[in-house]
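S.K.: pasting a predicted model and its sequence here:
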Amino acid sequence: MVFQTDADLLGTLVGLVLTLFVFSYLLGDNAVFRFTIHLFVGVSAGLAAAVALRNVVVPHLLLPVMDFSEPLEWLWSFLPFLLGLLLLAKLSPRRLRPRGRPGRARGRSQARSSMALLPR
């Protein structure tokens, strides 16, 4: 096998080493295998994000929004962007934080007075 550049040789060696790391699972679950799996998942997630950004977001969202020649088209392109931002806002950590202190919803006197309202 003839390598055209040093990058081809380096890519082949990295692929060989990562393949051997995956095969190290045959010896049992170990740190090398877990590192390799995390690396593969991270690289595939990054590739999926880059492909989605390049093939969907830029041509169908950013380019029409930046084109101000048709105002109605700009509005129809901005609306999905706004709705997407609202969906991302649901992931905000402020929304996930519980309100108040847990276990301190009612004081002792309030708990006793509510017990008086229950039928016996």
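M.R.: That came in fine, so what should we check first? Numbers count the residues shown, from 1 in each chain.
S.K.: so how far is stretch 13-25 from its chain's centroid?
M.R.: For stretch 13-25, the distance from its own C-alpha centre to the chain's C-alpha centre is 27 Å (CA atoms, centre = their mean, to the nearest Å).
S.K.: in the helix or strand hosting Phe21, what's buried?
M.R.: Element membership for Phe21, per DSSP states H and E: helix 6-23. Going by neighbour count (16 or more other CB atoms under 10 Å), the buried part of helix 6-23 is Phe21. Every C-beta, even on glycine, is put in place using the N, C-alpha and C of the backbone.
S.K.: could you give the mean pLDDT of the very next helix or strand once past it?
M.R.: Downstream of helix 6-23, the first helix or strand assigned by DSSP H and E is helix 31-52. The average pLDDT within helix 31-52 is 96.
S.K.: tell me what helix 31-52 is packed against?
M.R.: helix 6-23 (3 or more CB pairs under 8 Å, 6 or more residues apart in numbering; DSSP states H and E).
S.K.: okay, Leu91: pLDDT?
M.R.: Turning to Leu91, the model gives it a pLDDT of 83.
S.K.: for Asp67, give me phi and psi.
M.R.: Here is the backbone geometry of Asp67 (degrees, to the nearest 10): phi -90, psi 110.
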